[in-house]
Each structure stands twice: as C-alpha cells, then as structure tokens.
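Trainee: no sequence for this one, just the structure:
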C-alpha cells in the first residue's frame, strides 16, 4: 500500500499526551487514519526532533467526519 497524500492533520490532547492524527489517502483513494504521540526525540547527533505540527488543526469533536469519529471510537478516545 502506498500513501499518495495527507489530506488533513489534527491535534488532540488526551490527558497529558498530545496526539497527532493524520488523514491519509492511498493509491485507490481510500481514507486511512494514522495516529502518533508527539514527543521529542534525540537523534544520534544530539539534535532534538519533533513531528512537524505547523499545519495541524485542533480537532473539533462536534464536527467530526463520520469515519474519523468511528476511528476514535475504535481506539478508545
């Protein structure tokens, strides 16, 4: 499976964790959701790394896409 584009990126705070949810599309146009916890990491050359959050929108739980709502329910958020 190959990812063709990232259509939306959302941020969500759950407890003390900051989550990044990405809405992706594969080569067949199917939606796929990816979730990761945004944390700092140190690379081998002692540089700090953090996922790019410049174009991330805060997640509005009242106006969710039905597929995203189902995804969040499945993972228990």
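Mentor: Structure's in. What do you need? Note that the structure is predicted; figures quoted are calculated from it, not measured.
Trainee: Secondary structure element holding residue 7?
Mentor: strand 3-14 (DSSP states H and E).
Trainee: could you give the mean pLDDT of that strand?
Mentor: Averaged across strand 3-14, pLDDT comes to 88.
Trainee: Which strands or helices does the next helix-or-strand element following that strand pack on?
Mentor: Once strand 3-14 ends, the next helix or strand along the chain (criterion: DSSP H and E) is strand 17-26. Where contact means 3 or more CB pairs under 8 Å, 6 or more residues apart in numbering; DSSP states H and E, strand 17-26 is packed against strand 3-14, strand 31-37. Every residue, glycine included, has its C-beta placed from N, CA and C.
Trainee: again, 10 Å this time
Mentor: strand 3-14, strand 31-37, helix 66-75 (3 or more CB pairs under 10 Å, 6 or more residues apart in numbering; DSSP states H and E).
Trainee: Look up how far residue 70 lies from the residue sitting nearest the centre point of the chain.
Mentor: Taking CA atoms, centre = their mean as the criterion, residue 21 is the residue nearest the geometric centre of the chain, at 1.6 Å. According to CB to CB, to the nearest Å, residue 21 stands 13 Å off from residue 70.
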